[in-house]
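> I would like the atomic coordinates for the input below:
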Amino acid sequence: MQMSHLLSTGVAALTLTLLAGCEPKDTAERVDLVPARAAGSQGPGGFCIRDSQGLSVRVRNQSNIDALQVTQTRVRFETGAVVTLPTAPMPGGSFAVTGPFPIPAGCFNPDCGFEITVNVTGTLPNEVSGNNTESGICIG
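Numbers count the residues shown, from 1 in each chain. As a prediction, the model looks like this:
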């Protein structure tokens with residue numbers, strides 16, 4: 001009786017050990033696109049990269065995996081205007097500039113707030129989520 005109990009306990013322990021080693025783990029690196037501030041800047045003002053044509057958005061691929069497809073970047077201005085433009089494919093660790101996004105009339109009242117979302121249409125379905133959107137401001 002004791003021997004069979006030890007055997008069944010040992011088999012159960014071995015089974016649990018084997019099952020614990022078989023748990024699926026998501027260790028594969030994924031593409032990770034994020035809005036990026038202008039070099040050397042910080043805070044929401046760092047996303048204000050503009051000229052007479054409008055607002056440009058820097059998109060950074062902060063993974064080592066190449067983003068091989070064209071993705072979509074959206075800027076939603078505080079006036080309610082929404083503009084979506086394509087972002088070029090980019091190698092891992094690189095940047096792409098999308099835009100210019102035309103700044104709508106009346107946005108500077110006195111400042112112009114906006115929200116940037118990269119990979120807005122989910123073109124890269126296995127992309128890291130939760131860090132695709134940032135808020136920015138251009139001081140009037």
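
> And the strands in this structure?
Secondary structure of the chain (DSSP state E): strands at 33-36, 49-51, 54-61, 71-77, 82-87, 95-101, 112-117, 133-138.

> average pLDDT for the first one?
Per-residue confidence for strand 33-36 averages out to 97 on the pLDDT scale.

> what residues does it touch?
Residues outside strand 33-36 that contact it (Cβ atoms under 8 Å, 6 or more residues apart in numbering) are 47, 57-62, 67, 71, 73, 87, 95, 116-119, 124, 127, 131-134, 136. Glycine gets a C-beta too; all of them are placed from N, C-alpha and C.

> Kindly recompute the last result at 6 Å.
Applying Cβ atoms under 6 Å, 6 or more residues apart in numbering, the contact partners of strand 33-36 are 58, 59, 60, 61, 62, 116, 118, 119, 131, 134.

> for this structure, what helix or strand is lowest in average pLDDT?
helix 2-21 (a mean of 46; mean pLDDT, DSSP states H and E).

> can you pull the buried residues of stretch 32-46?
Of the residues in stretch 32-46, 32, 33, 34, 35, 36, 37, 44, 46 count as buried by neighbour count, 16 or more other Cβ atoms under 10 Å.

> Those residues into JSON lines, with extra columns for distance to residue 110?
As requested, these are exported to JSON lines (distance: Cβ to Cβ, whole Å):
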{"residue": "32", "distance to residue 110": "35"}
{"residue": "33", "distance to residue 110": "32"}
{"residue": "34", "distance to residue 110": "28"}
{"residue": "35", "distance to residue 110": "23"}
{"residue": "36", "distance to residue 110": "26"}
{"residue": "37", "distance to residue 110": "22"}
{"residue": "44", "distance to residue 110": "15"}
{"residue": "46", "distance to residue 110": "19"}
